[in-house]
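Trainee: Give the three-dimensional model of this entry:
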Amino acid sequence: MKRRNILIMIAAVVILGLGLSWGRISQAVTEDVKPRIALTFDDGPHPVYTPKLLDGLKERNVKATFFVVGKNIEGREDIIKRMDEEGHLIGNHTYDHVKITGLPEEEACAQITKTSELVKEITGKNTEFVRPPFGAWDKKLECGFEMFPVLWSIDPLDWTTKNVDAVVQKVLSRAEENSIILLHDYYDSSVEAALKIVDALLERGFEFVTVDELVLE
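Mentor: Numbers count the residues shown, from 1 in each chain. This next block holds a predicted model:
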């Protein structure tokens, strides 16, 4: 009887110990899971501001998504190559930054195809994600290949102002898990705001991911 009681006590201690260990493990896992958010940029590459932005993102070890305009790529191929090499996602923003829903289907597809071909020539990769200018997208627009349209959830209209602090505040006041932030790498003030936003959200515990990690997972 005494032996049985001892065995029961040992079993209870083991179970209790396992319970405490599992609790600590669960707590650690929960603490390690960070809210994810995506930072996206339209209209580039710009010969000056995009490299400045890439420098800042590299310094902070942050990945972003760049929706590039085809006509801005010529002569700036090295910037596109750098985006790819540094782990950023490159998306399609048409060739001429036009509202494709207002074009005949053949012309609309040409806008997308030309930009995709330019990016593939440089990186060897297809652009699977498209951000239609002005958010105007036609689900019937297939163009012979599958593209995933990506819009946004936070738009501070950074292209309308040089007030960096105003842009930062608009984004930070609305930032939440799985948000997609829209900015532009074509303005110095936007780049400055973007890096301040990154610093603030990293401080809040956010993890920056490319849009494919939000859209496909």
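
Trainee: which residues in the chain form helices?
Mentor: Here the chain has its helices, by DSSP state H, at 2-32, 49-60, 77-85, 105-123, 164-174, 188-203, 211-215.

Trainee: and those helices, which one's lowest on average pLDDT?
Mentor: Of all those, helix 2-32 carries the lowest average pLDDT, namely a mean of 44.

Trainee: what residues does the longest strand anywhere in the chain touch?
Mentor: In the chain, taking DSSP state E as the definition, the longest strand is strand 36-42. The contact list for strand 36-42, computed with C-beta atoms under 8 Å, 6 or more residues apart in numbering, reads 50, 53, 62, 64-67, 69, 91, 93, 131, 150, 152, 175-186, 194, 197-198, 201, 206-211, 213-214. All C-beta atoms are positioned from the backbone trio N, CA, C, and that covers glycine.

Trainee: likewise stretch 110-118?
Mentor: The list of residues contacting stretch 110-118 from outside it, by C-beta under 8 Å, 6+ apart, reads 68-70, 73-74, 80, 92-96, 98, 100, 103, 126-127, 130, 143, 145, 147.

Trainee: Going through the residues you listed, which ones are buried?
Mentor: Buried members of the contacts of stretch 110-118, counted by 16 or more other C-beta atoms under 10 Å: 68-70, 73, 80, 92-96, 98, 100, 103, 127, 130, 143, 147.

Trainee: end to end, how far does stretch 74-92 reach?
Mentor: 15 Å (C-alpha to C-alpha, to the nearest Å).

Trainee: now it: how far from the chain's centre is it?
Mentor: 14 Å (C-alpha atoms, centre = their mean, to the nearest Å).

Trainee: What are the buried residues along it?
Mentor: 76, 79-80, 82-84, 88-92.

Trainee: Touching that stretch from outside, list them.
Mentor: The contact list for stretch 74-92 (C-beta under 8 Å, 6+ apart) reads 40, 44-45, 47, 50-51, 54, 57-58, 63-68, 73, 112, 115-116, 118-119, 122-123, 125, 127-131, 147, 150, 210-212.

Trainee: sorry, back to before: please list only the buried members of the contacts of strand 36-42.
Mentor: Buried among the contacts of strand 36-42 (16+ other C-beta under 10 Å): 50, 53, 62, 64-67, 69, 91, 93, 131, 150, 152, 175, 179-186, 194, 197-198, 201, 206, 208-211, 214.

Trainee: Adjacent strands (with direction) for the longest strand of the chain?
Mentor: Strand pairing for strand 36-42, determined by DSSP bridges: strand 65-68 (parallel), strand 180-184 (parallel), strand 207-209 (parallel).

Trainee: looking at the ones you listed, which is closest to Val33?
Mentor: strand 207-209 (9.0 Å; C-beta to C-beta).

Trainee: Rounded mean pLDDT for that closest one, please.
Mentor: What strand 207-209 shows for mean pLDDT is 97.

Trainee: contacts for it?
Mentor: Identification of contacts with strand 207-209 by C-beta under 8 Å, 6+ apart yields 34-39, 62-64, 198, 201-202.

Trainee: that older thread, kindly export the longest strand of the chain (C-alpha atoms) in PDB.
Mentor: Below are the C-alpha coordinates for strand 36-42, written out as PDB (Å, rounded to 0.1, in the frame of the first residue of the first chain):
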ATOM      1  CA  ARG A  36       2.400  40.400 -39.800                       C
ATOM      2  CA  ILE A  37       2.000  43.400 -42.000                       C
ATOM      3  CA  ALA A  38       3.000  44.100 -45.600                       C
ATOM      4  CA  LEU A  39       4.700  47.300 -46.900                       C
ATOM      5  CA  THR A  40       4.100  47.900 -50.600                       C
ATOM      6  CA  PHE A  41       5.400  50.600 -53.000                       C
ATOM      7  CA  ASP A  42       4.000  51.700 -56.300                       C
END
